[in-house]
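J.: starting from these lines, generate the structure:
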Amino acid sequence: MEEDKGCIKCGSTDADKKEVAMTGTGLSKMFDVQNNQFIVVYCKNCGYSEFYNKRSSAGSNVFDFFFG
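T.: A predicted model of the protein is given here:
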């Protein structure tokens, strides 16, 4: 039996993604250099979110990781 996949919090399959950048620590924080880039996948139903490093191989197919 195939298990239904969806948000781990509410089971919804309605998700979207967004790219975000954040500062690190030390000098990059002091000068507001946003060199850490992530893709955020979030459930449109409940708001549950997961961050994925944009530079990793996960960045290409993040919905597969989000839904399991």
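
J.: output the below-cut-off pLDDT ranges for this protein.
T.: Along the chain, the parts satisfying pLDDT under 70 run over 1-4, 24-34, 56-60, 68.

J.: try it again with 90
T.: For the chain, the stretches flagged by pLDDT under 90 are 1-6, 20-38, 52-68.

J.: which parts of the protein are strands?
T.: In the chain, the strands defined using DSSP state E lie at 15-22, 36-43, 49-53.

J.: among the ones you listed, which is the most enclosed?
T.: Comparing these by mean neighbour count (mean count of other Cβ atoms under 10 Å), strand 36-43 ranks first with a mean of 18. Yep, even glycine has a C-beta here, placed from its N, CA and C like the rest.

J.: just the residues contacting that strand, thanks.
T.: Strand 36-43 has contacts (Cβ atoms under 8 Å, 6 or more residues apart in numbering) with 7, 9-10, 12, 14-24, 48-55, 59, 62-63, 65-66.

J.: same question for stretch 61-68.
T.: 5-8, 13, 15, 17, 39, 41, 50, 52, 58.

J.: same thing but at 6 Å, please
T.: With contact meaning Cβ atoms under 6 Å, 6 or more residues apart in numbering, stretch 61-68 is reached by 5, 39, 41, 50, 52, 58.

J.: tell me the two of those that are most distant?
T.: With Cβ to Cβ as the measure, no two of those lie farther apart than K5 and I39, at 18.7 Å.

J.: G11 and K18, how far apart?
T.: To K18, G11 is 21 Å away according to Cβ to Cβ, to the nearest Å.

J.: do the same with I8
T.: Relative to K18, I8 is positioned 19 Å away (Cβ to Cβ).

J.: next: S49.
T.: Taken as Cβ to Cβ, the span from S49 to K18 is 9 Å.

J.: what's the answer for C43, then?
T.: 13 Å.

J.: ok, now V40?
T.: On the measure of Cβ to Cβ, V40 and K18 end up 5 Å apart.

J.: overlap in contacts of those two?
T.: Counting by Cβ under 6 Å, 6+ apart, V40 and K18 have no shared contacts at all.

J.: just checking, G6 touches T13?
T.: Yes: using Cβ atoms under 6 Å, G6 makes contact with T13 at a distance of 4.7 Å.

J.: sounds good, over and out.
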